[in-house]
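Asker: build the 3D model from these lines:
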Amino acid sequence: MHIFNVSGIGCGSCVGKITKAIQELDESAKVTVDRAQGRVEVVSVESEEDICQRITDIGFPAVPRR
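Answerer: Got it, this is the predicted structure:
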């Protein structure tokens, strides 16, 4: 599982955009978004770096959570 701190998740539409972007990389990815915590959890075969970059590319600055 990959966990990211993500800025700017303000509404349900944002959740949908993030989920869709990740599932475009890996259609079988399981994505959980916690708006209140600014956290995105992803179960995917894609690399942490690729997922993080994808989230950032659509306008939501993301960093891996350590």
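
Asker: list the buried residues of stretch 18-30.
Answerer: For stretch 18-30, burial by neighbour count (16 or more other Cβ atoms under 10 Å) applies to 18, 19, 21, 22, 25, 26, 29. Glycine gets a C-beta too; all of them are placed from N, C-alpha and C.

Asker: again, but for stretch 1-20
Answerer: Buried residues in stretch 1-20, counted by 16+ other Cβ under 10 Å: 2, 4, 6, 9, 14, 15, 17, 18, 19.

Asker: which of these sits closest to residue 44?
Answerer: Proximity of the buried residues of stretch 1-20 to residue 44 (Cβ to Cβ) peaks at residue 2, which lies at 6.9 Å.

Asker: return the distance of the closest one relative to residue 11.
Answerer: 23 Å (Cβ to Cβ, to the nearest Å).

Asker: out of the buried residues of stretch 18-30, which one sits closest to residue 43?
Answerer: Nearest to residue 43, judged by Cβ to Cβ, of the buried residues of stretch 18-30 is residue 29 at 6.6 Å.

Asker: how about the helices of the protein, start to end?
Answerer: Using DSSP state H, the helices of the chain run over 12-25, 48-57.

Asker: just put those helices in a markdown table and tack on distance to residue 39 and mean pLDDT.
Answerer: A markdown table is the format used below for the helices of the chain (distance: least, Cβ to Cβ, whole Å; pLDDT from 0 to 100):
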| stretch | distance to residue 39 | mean pLDDT |
| --- | --- | --- |
| helix 12-25 | 11 | 96 |
| helix 48-57 | 12 | 97 |
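
Asker: CSV for the ones you listed, including distance to residue 38?
Answerer: Shown next, in CSV, are the helices of the chain (distance: least, Cβ to Cβ, whole Å):
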stretch, distance to residue 38
helix 12-25, 11
helix 48-57, 12
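
Asker: which one of the ones you listed lies closest to residue 36?
Answerer: Nearest of the helices of the chain to residue 36, taken as Cβ to Cβ: helix 12-25 at 11.5 Å.

Asker: which strands and helices sit next to that closest one?
Answerer: Counting contacts by 3 or more Cβ pairs under 8 Å, 6 or more residues apart in numbering; DSSP states H and E, helix 12-25 is packed against strand 30-34, strand 39-43, helix 48-57.
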